[in-house]
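Colleague: Need coordinates for the below:
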Amino acid sequence: MICTAIRALTLNVYHVGDESVNRYVTTTPHAAYFSNLVTFFRKQCINLNKLVSDASKNPGSESTSSILVVVDEIEDNLYRT
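Modeller: Numbering: from 1, shown residues only. The predicted structure is shown next:
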């Protein structure tokens, strides 16, 4: 329930059509936040890619479990940012 509320709030904030809010989000220091956020998700996706690549070479329940944990973590972070 909390995740759903956070997701709804996040979607409402990012879909604001007010130009002044858009300018506020894209100015310093907020622009650095979004740049860091992209870098953070990039690293997570690179890690996920490595796990999937390794799992394709050595399939098994442990590798599948690791992939699911990382995907859940990325999903949680996406909803909470």
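Colleague: From here on, just use CA atoms for contacts and neighbour counts.
Modeller: Will do.
Colleague: Give me the contact list for stretch 34-50.
Modeller: By Cα atoms under 8 Å, 6 or more residues apart in numbering, the residues outside stretch 34-50 that reach it are 67, 70, 71, 74.
Colleague: What's the local residue count around the third one?
Modeller: Using other Cα atoms under 10 Å as the criterion, residue 71 is surrounded by 15 other residues.
Colleague: filter the contacts of stretch 34-50 to the buried ones?
Modeller: Listed as buried from the contacts of stretch 34-50 are 67, 70, 74; burial here means 16 or more other Cα atoms under 10 Å.
Colleague: Return the member of those residues nearest to residue 24.
Modeller: Using Cα to Cα, residue 74 is the member of the buried ones among the contacts of stretch 34-50 that sits closest to residue 24, with 26.2 Å.
Colleague: tell me which element the spatially closest residue to the closest one that is not a sequence neighbour falls in.
Modeller: Spatial nearest neighbour of residue 74, excluding adjacent residues (Cα to Cα, 6 or more residues apart in numbering): residue 44 at 7.0 Å. Taking DSSP states H and E as the definition, residue 44 sits inside helix 30-57.
Colleague: what helices or strands is the helix or strand following that helix leaning on?
Modeller: As assigned by DSSP H and E, the chain's next helix or strand after helix 30-57 is helix 61-80. Helix 61-80 sits against helix 2-14, helix 30-57, with contacts defined as 3 or more Cα pairs under 8 Å, 6 or more residues apart in numbering; DSSP states H and E.
Colleague: pLDDT averaged over the longest one - what is it?
Modeller: Put plainly, it is helix 30-57. The average pLDDT for helix 30-57 rounds to 87.
Colleague: Return the set of buried residues in that helix.
Modeller: Buried residues in helix 30-57, counted by 16+ other Cα under 10 Å: 44, 48, 51, 52, 55.
Colleague: ok, the residues you listed vs residue 19, which is closest?
Modeller: Of the buried residues of helix 30-57, the one sitting nearest to residue 19 (Cα to Cα) turns out to be residue 44, at 31.2 Å.
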